[in-house]
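>>> Need coordinates for the following:
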Amino acid sequence: MKIRAQIKPNAKQAKVVSPATPDDVWLIATKAPAIDGRANKEAVELIATTLHLPKSAVTLKLGAKSKFKIFEIRE
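This next block holds a predicted model:
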């Protein structure tokens, strides 16, 4: 399964807003800044927590330096 996401780093509160349909873009706010991949790492942790999966089941596939990203979920 693939998740398209838009990341907002430096947010006051870390949260995930999952869309109504699987084809829409998830909005992910992270407290971590977009420096050295810290926001990406926190986004992976937030997705894993939201889907009740281990962090190892979520990988960033595209968009390491973009605010729009594609994550792959292994179930």
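
>>> pretty sure Lys15 is in contact with Ala29, am I right?
Yes - in terms of CB atoms under 8 Å, Lys15 counts as a neighbour of Ala29; the distance is 5.2 Å. All C-beta spots, glycine's among them, are computed from the backbone N, C-alpha and C.

>>> what about the two, which has more around it?
Regarding Lys15 and Ala29, a neighbour count based on other CB atoms under 10 Å identifies Ala29 as having more, with 20 against 14.

>>> any idea how far the more buried one lies from Pro54?
As judged by CB to CB, to the nearest Å, Ala29 and Pro54 stand 22 Å apart.

>>> mind listing the helices for this structure?
38-50 (DSSP state H).

>>> what residue is smack in the middle of it?
For the chain, the residue nearest the mean C-alpha position is Ala43 (3.6 Å; CA atoms, centre = their mean).

>>> Let me see the contact set for it.
When contacts are counted by CB atoms under 8 Å, 6 or more residues apart in numbering, Ala43 touches 5, 7, 28, 30, 60, 69, 71.

>>> Select from the residues you listed the one having the most neighbours.
The member of the contacts of Ala43 that has the most neighbours, counting by other CB under 10 Å, is Ile28 with 27 neighbours.
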